[in-house]
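Q: 3D model of this:
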Amino acid sequence: MKRLLPVLALGALTLAGCANTAPYSGNVYTGNQAKAAQSVTFGTITALRRVQIQADSRAGGLIGTGGGAVIGGLLGNQVGGGSGKTLATAAGVIAGSVAGSRIEESANLIPAWEIEIRQDNGQNVVIVQKADQAYQVGQRVRIIGSGASASVAPY
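A: Sure thing, here's the model as predicted:
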């Protein structure tokens, strides 16, 4: 049983980072965006700021919370005896689920850019997308799409 704990812990931590981060990239299109006409506007980057996107977990948070609860319960069950063992197990489940949830949330943080662009028509717009490409203030860019499906691409 003691040999199983490190394997369970490693498995839970590995699976905790299973968020699908592709949709947050300016280089990835959804199936609905493919073969669809999209508007294009042009502008110049006026400000850049490093931010993070909190991605949703594919498992809805169950991996971190559930895995943490199991591991915490197993660890708590190793402490004491009788009613003390029961209390330690319950405390381990609670602490493990909280810790597992926090680990999963931090594993699902995606480095991103907050890109402020002055469009050629004079309007300013801010778009946040995954930081998988280098940008700099003063760079000319294209804004592809609009609303929730807008992305920034080099010009």
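Q: CA atoms only: put the one helix or strand Ala153 maps to into PDB for me.
A: In this assignment (DSSP states H and E), Ala153 forms part of strand 151-154. Output of strand 151-154 as PDB, limited to C-alpha atoms (Å, rounded to 0.1, in the frame of the first residue of the first chain):
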ATOM      1  CA  SER A 151      -7.500  36.800 -32.600                       C
ATOM      2  CA  VAL A 152      -4.300  38.700 -33.300                       C
ATOM      3  CA  ALA A 153      -1.800  37.700 -36.000                       C
ATOM      4  CA  PRO A 154       1.300  39.400 -37.300                       C
END
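Q: strands of the chain, start to end?
A: For the chain, the strands defined by DSSP state E cover 40-54, 109-119, 124-130, 140-144, 151-154.
Q: the third one - contacts with which helices or strands?
A: If I follow you right, that is strand 124-130. strand 40-54, strand 109-119, strand 151-154 (3 or more CB pairs under 8 Å, 6 or more residues apart in numbering; DSSP states H and E). C-beta coordinates here come from the backbone N, C-alpha and C atoms, glycine included.
Q: look up how far Leu87 lies from Ile144.
A: If you measure Ile144 against Leu87 using CB to CB, to the nearest Å, the figure is 57 Å.
Q: looking at these two, which one has more neighbours?
A: Ile144 (18 against 13; other CB atoms under 10 Å).
Q: what bridges to that one?
A: Val40, Ser151 (DSSP bridges).
Q: what do you get for Ile127?
A: Ile115.
Q: now it: how far from Gly31?
A: Ile127 is 21 Å from Gly31, by CB to CB.
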